[in-house]
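J.: pasting the structure only:
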């Protein structure tokens with residue numbers, strides 16, 4: 001009986017280890033393969049003059065969470081056991097919401113289709129990108145989308161308060177420069193849909209941290225335990 005129970009526990013432990021490894025690699029691979037994604041544009045796209053096609057309208061663009069001009073970066077050996085970290089930035093594919101009207105770059109609002117299912121996931125203080133195939137602008141939502149009938153404001157100087165998402169962040173400018181609601185229509189003639197689309201954007205940071213159980217270490221995503229029992233992570237570029 002003791003021998004059978006020991007064998008069962010060993011097999012159970014191996015199965016759990018394999019399951020955790022599969023989940024960790026699948027989740028990491030999904031974020032890695034989509035890093036830099038900004039709709040039909042990408043975060044490192046440049047125009048004929050070599051200028052970046054992404055405009056980051058946030059006031060804080062240098063810290064890890066908000067440097068969306070960089071698809072990914074990381075640190076070498078700064079974590080427990082000499083582990084690495086990696087930060088992956090992208091638009092969230094499942095959050096796309098089409099625009100409902102042409103945009104005016106001189107105002108601080110855009111109009112989205114509030115009947116679209118993905119619109120229900122929008123919240124005040126979230127970060128958003130509006131993008132076509134030629135340009136992308138990133139900003140923070142400064143009004144409450146749930147009561148605005150599709151109007152999304154990105155007023156400059158309005159700071160996310162303590163305890164809210166992106167605390168302390170604000171918009172430095174109202175710019176949505178270069179994004180054209182009629183982009184594909186102008187190039188290909190009459191079409192029923194615009195190429196310009198909005199997305200939520202996010203930075204996903206993977207690191208090794210002490211386990212929530214108090215024993216050993218775990219793979220963490222944005223500071224939250226993702227997979228327990230991971231002692232080290234090394235990233236080669």
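T.: Arrived safely, thanks for sending. None of the values given here were measured: they were computed from a predicted structure. Residues are numbered from 1 along each chain as shown.
J.: what's the residue nearest to residue 83 when sequence neighbours are not counted sitting at in phi/psi?
T.: Among residues not flanking residue 83 along the chain, residue 208 sits closest, at 4.0 Å (Cβ to Cβ, 6 or more residues apart in numbering). Just so you know, the C-beta spots here come from the backbone N, C-alpha and C atoms, and that holds for glycine as well. Backbone geometry at residue 208, expressed as degrees, to the nearest 10, gives phi -100, psi 130.
J.: Would you agree residue 208 is in contact with residue 223?
T.: No: Residue 208 lies out of contact with residue 223 (Cβ atoms under 8 Å); the separation is 11.7 Å.
J.: neighbour-wise, which of these two wins?
T.: Neighbours around residue 208 and residue 223, counted as other Cβ atoms under 10 Å, are more numerous at residue 208. The numbers are 20 against 8.
J.: Which residues are in contact with the more buried one?
T.: 79, 80, 81, 83, 217, 218, 219, 220, 230, 231, 232, 233 (Cβ atoms under 8 Å, 6 or more residues apart in numbering).
J.: Contacts only, for the second one.
T.: Read it as residue 80. 208, 209, 210, 217, 231, 232.
J.: For residue 226, see how far away it is.
T.: Relative to residue 226, residue 80 is positioned 15 Å away (Cβ to Cβ, to the nearest Å).
J.: before we move on, the earlier item: so in terms of bridging, what pairs with the residue nearest to residue 83?
T.: residue 219 (DSSP bridges).
J.: gap between residue 151 and residue 119?
T.: Residue 151 sits 11 Å away from residue 119, going by Cβ to Cβ.
J.: out of those two, which sits in the more crowded spot?
T.: Relative neighbour count places residue 119 above the other of residue 151 and residue 119, with 19 against 15, counting by other Cβ under 10 Å.
J.: Now do the phi/psi pair for that one.
T.: In terms of degrees, to the nearest 10, the main-chain angles of residue 119 are phi -60, psi -30.
J.: Tell me the pLDDT of residue 187.
T.: Looking at residue 187, its pLDDT is 48.
J.: let me redo that: residue 210
T.: For residue 210, pLDDT reads 94.
J.: Without its sequence neighbours, what residue ends up closest to it?
T.: Nearest non-adjacent residue to residue 210 (Cβ to Cβ, 6+ apart): residue 217, at 6.0 Å.
J.: just residue 126 next, same as before
T.: Per Cβ to Cβ, 6+ apart, closest to residue 126 is residue 141, 5.2 Å.
J.: Tell me how far the one you found lies from residue 153.
T.: 7 Å.
J.: Could you check which of the two has the larger neighbour count?
T.: Taking neighbours as other Cβ under 10 Å, residue 141 and residue 153 compare with residue 141 leading, 26 against 20.
J.: That one and residue 53: what is the separation?
T.: 22 Å.
J.: swap in residue 221?
T.: Taken as Cβ to Cβ, the span from residue 221 to residue 53 is 29 Å.
J.: higher neighbour count, those two?
T.: Neighbour count, other Cβ under 10 Å: between residue 221 and residue 53, residue 53 has more, with 22 against 17.
J.: Which helix or strand lies directly C-terminal to the longest helix that the chain contains?
T.: Taking DSSP state H as the criterion, the chain has its longest helix at helix 2-34. Counting by DSSP states H and E, the element after helix 2-34 in chain order, helix or strand, is strand 37-38.
J.: list the helices and strands that following strand packs on?
T.: Packed against strand 37-38 by the contact rule (3 or more Cβ pairs under 8 Å, 6 or more residues apart in numbering; DSSP states H and E) you find strand 85-91.
J.: re earlier: wait, the residue nearest to residue 126 sits on residue 151?
T.: No: in this structure residue 141 lies outside contact range of residue 151 using Cβ under 8 Å: 10.4 Å.
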